[in-house]
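Trainee: my questions are about this predicted structure, shown below with the sequence.
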Amino acid sequence: MTTSPDGHSGELARFTAELSFGLDGFQQQACAALERGHGVLVCAPTGAGKTVVGEFAVHLALAAGGKCFYTTPLKALSNQKHTDFVARYGKDRIGLLTGDLSVNANAPVVVMTTEVLRNMLYANSPALQGLSHVVMDEVHFLADRMRGAVWEEVILHLPDEVRLISLSATVSNAEEFGGWIQTVRGDTAVVVDEHRPVPLWQHMLVGKRLFDLFDYDGDGAKHQPHVDPNLVRHIANRREADRLADWRPRHRGPGRPGRPSMYRPPSRPDVINALDREGLLPAITFVFSRAGCGAAVAQCLRSSLRLTTEKDRARIAEVIDHRCGDLADADLDVLGYYEWREGLLRGLAAHHAGLLPVFRHTVEELFTAGLVKAVFATETLALGINMPARTVVLERLVKFNGEQHVPLTPGEYTQLTGRAGRRGIDVEGHAVVIWHPDIEPAEVAGLASTRTFPLRSSFAPSYNMTINLVQQMGPEQAHRLLEQSFAQYQADRSVVGLVRGVERGERMLEEIAGELGGRDAPILDYARLREQISQRERAQARASRLQRRQAANDALAALRRGDIITIPHGRRGGLAVVLESARDTSDPRPLVLTEHRWAGRISSADYSGAATPVGSMSLPKRVEHRQPRVRRDLASALRSAAAGLVTTSQRGRRRGQTADGPDVDPELASLREQLRRHPASGFRGRRG
């Protein structure tokens, strides 16, 4: 890491003179490294101000007469950054490219989505000429399983002379990520800051009562907070009351029904009113679907909820009329304008990428101004859109990932709740999780107390990527580039460094060949022999992985309803029962329920070998696995049925462990023996 300078000078001094605030230590450190000509990786919490470093890169590019591309993962975020830069530098110097929109594309500073830059690199676009800086905002998005590979493609393809500025949320393996960027991009400073400028307090809403999630009054409270016992006690009492309510109707006489026991979460108006009583507005409630956002606003409008004063409503109406004055009267009904306007006048709004842009921008302006007090939004809002709130509310801790409903990861939880706490406005932020019977306070505490999370590559070559690479650089160079991915670096750090150094090694071999009398000298034969061994070892490793994956697929496809299996590793590790056999034998994903009450589909990625049943159990004809009570009862039955079936060693087998050792490759053994006996072995100490 670089060290923070004592004072500012040169372009950094000119840049800071234009700011209305002083730079924090990590901002000074990163900007100073940039001014010295280094690339920079900045890892800091949401709201800490890491975008200032990206803005300094824009300043440097303009000052030097170069070009800067500022990339974001979302069109909405690109639009917002474009607006910010136009206000600062003027529209003639700022462009925008989002795939479906092109504005001043030849400007010295262009804001774009990451996919646009990837496509420009593959096409060898003339716009790349003179490019000096690239800012990759939200670079931790490379962990996204659907789009993450795009970020790695850009990092690997950018010309060496371009300075890369990577802005990331706080990750626990920042040094590893920075080491990879250093390997493939050259000199890069890694700047990490885990300090959150606005403290974040965690809460749970149980019914209409708000509890602190953590108790900070005990020993070592601020170092190892534990779950508030009042919260635990209240939830236990609530569950006991529900259990008794469920018992009474079944033990009453005819005609004497008890009250229904089904838990009903607080309504959206009840939640907003509870926050208002505690002084926790404005708030963003994350709802993981666009339709759900609209339904939430509609539910609030059906109630008497009103969060605005007469003065607020007058200002809101003025902004709406100014923003929407160009809309044709005939279109207003179709666009849902009147319901949308009524929600805004009452301080309520939805926010998601499906909104009409003028509606979305109006919501952003009114919320930022403090006139709209409650917004129901999709997770798009968590990815850098400048709409911080005092409070963030999470209705659920699961979301649909395109295939199934999965639990939020600590990284996703941190990203979402990071919107809470407006720097310069709030002295503290608040995160509120709404309690449901299937949510344990300890589970929420685990998410909330994980301050950082590891960044894992999702890089997997696609057909389009392969075609583009081979067409652009040929099969050999394309293969070499793929070996430099972050995924490969995490699997084997040495491979990326070796691949990057192949060119240097080849030049060294040419020099040695000249010293020893030509290309056919023993040292070259020795090098070719070593390369044959490396290729054979890689081929053997690939074959072994494919064999294990096929064995896992075959075993998963053979599983039948009621089979008891063990999942060997990960958060789902332990016992599981098959609820539904796999539908597709080519990519088998049976539906299972684990002993920890998780229900979902598993794949060969969960196994390093075959998924062999250790027993079986009978199941009801119909299993409603989405109901918490059903999952709880079935998990208990699973543990009882599997008692004594699974040994500790079977449960404890980790990823990569198999019962059989690797097969001995005679050809590989022969090559190694030839290498050992080769007369050029004495040159092994030579360094390039």
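Mentor: Structure's in. What do you need? As the structure is a computational prediction, the values presented were derived from the model and not from experiment. Numbers count the residues shown, from 1 in each chain.

Trainee: burial count for Arg396?
Mentor: Neighbour count for Arg396, taken as other Cβ atoms under 10 Å: 18. From N, CA and C alone the C-beta is placed, and that goes for glycine too.

Trainee: could you do the one 3 residues further on as well?
Mentor: One way to gauge burial is a neighbour count; for Lys399, by other Cβ under 10 Å, it gives 19.

Trainee: let's verify it: helix, strand, or coil?
Mentor: strand (DSSP: H, G, I helix; E, B strand; the rest coil).

Trainee: what's near enough to touch it?
Mentor: Phe288, Glu379, His405, Val406, Leu408, Glu412 (Cβ atoms under 8 Å, 6 or more residues apart in numbering).

Trainee: tell me the pLDDT at it?
Mentor: Note for Lys399: predicted pLDDT of 83.

Trainee: measure it to Arg147 for me?
Mentor: 16 Å (Cβ to Cβ, to the nearest Å).

Trainee: for Glu403, same thing?
Mentor: Taking Cβ to Cβ, one finds Glu403 at 15 Å from Arg147.

Trainee: swap in Ala669?
Mentor: Where Arg147 is concerned, Ala669 sits at a distance of 44 Å (Cβ to Cβ).

Trainee: who has more neighbours out of those two?
Mentor: Arg147 (14 against 10).

Trainee: let me see the ranges of the strands in the stretch 251-400 of the chain.
Mentor: Counting by DSSP state E, counting those that start in this stretch, one finds strands in the stretch 251-400 of the chain at the ranges 283-286, 348-351, 374-377, 391-394, 398-400.

Trainee: give the partner strands of the last one in its sheet and their orientations.
Mentor: The one in question is strand 398-400. The pairing partners recorded for strand 398-400 under DSSP bridges are strand 405-407 (antiparallel).

Trainee: with the first one instead?
Mentor: Based on DSSP bridges, the strands next to strand 283-286 in the sheet, each with its direction, are strand 374-377 (parallel), strand 391-394 (parallel).

Trainee: lowest average confidence, helix or strand, in this protein?
Mentor: helix 648-652 (a mean of 43; mean pLDDT, DSSP states H and E).

Trainee: contacts for the next helix or strand after that helix, please.
Mentor: As assigned by DSSP states H and E, the chain's next helix or strand after helix 648-652 is helix 666-677. Residues from elsewhere that reach helix 666-677 (Cβ under 8 Å, 6+ apart): Tyr526, Leu529, Arg530, Gln532, Ile533, Arg536, Glu537, Gln540, Ser681.

Trainee: in helix 666-677, which residues are buried?
Mentor: Residues of helix 666-677 classed as buried by neighbour count (16 or more other Cβ atoms under 10 Å): Leu671, Arg672.

Trainee: stretch 158-171 now?
Mentor: Leu158, Val162, Arg163, Leu164, Ile165, Ser166, Leu167, Ser168, Ala169, Thr170, Val171.

Trainee: can you check stretch 420-439 too?
Mentor: 420-422, 426, 429-435, 437-439.

Trainee: mind putting those into TSV with pLDDT and distance to Val470?
Mentor: Below are the buried residues of stretch 420-439 laid out as TSV (pLDDT from 0 to 100; distance: Cβ to Cβ, whole Å):
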residue	pLDDT	distance to Val470
Ala420	87	47
Gly421	85	48
Arg422	74	49
Asp426	77	53
Gly429	90	49
His430	94	52
Ala431	94	47
Val432	95	51
Val433	94	48
Ile434	94	51
Trp435	91	53
Pro437	85	54
Asp438	83	49
Ile439	86	49
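
Trainee: can you name the two of these that are farthest apart?
Mentor: Arg422 and Pro437 (33.4 Å; Cβ to Cβ).

Trainee: what segments of the stretch 101-250 of the chain are helices?
Mentor: 114-122, 148-157, 174-185, 229-250 (DSSP state H, counting those that start in this stretch).

Trainee: the longest helix anywhere in the chain packs against which elements?
Mentor: The longest helix of the chain (DSSP state H) is helix 522-558. Where contact means 3 or more Cβ pairs under 8 Å, 6 or more residues apart in numbering; DSSP states H and E, helix 522-558 is packed against helix 502-516, helix 666-677.

Trainee: now find how far off-centre the helix or strand following it is within its chain.
Mentor: Later in the chain than helix 522-558, the nearest helix or strand by DSSP H and E is strand 563-567. With Cα atoms, centre = their mean, to the nearest Å as the basis, strand 563-567 stands 30 Å off its chain's centre.

Trainee: sheet partners, orientation included, of strand 563-567?
Mentor: strand 574-580 (antiparallel), strand 615-616 (antiparallel).

Trainee: check which element follows the last one along the chain.
Mentor: If you walk from strand 615-616 toward the C-terminus, the next helix or strand you reach (DSSP H and E) is helix 628-641.

Trainee: other SSEs contacting that next one?
Mentor: Looks like helix 628-641 contacts strand 574-580, strand 591-594 (3+ Cβ pairs under 8 Å, 6+ apart).

Trainee: quick check: bridge partners of Thr594?
Mentor: Ala576.

Trainee: that one is in contact with Ile567, isn't it?
Mentor: Yes - applying Cβ atoms under 8 Å as the test, Thr594 and Ile567 come out as touching, 6.7 Å apart.

Trainee: now do the shared contacts for the two.
Mentor: Gly574, Leu575, Ala576.
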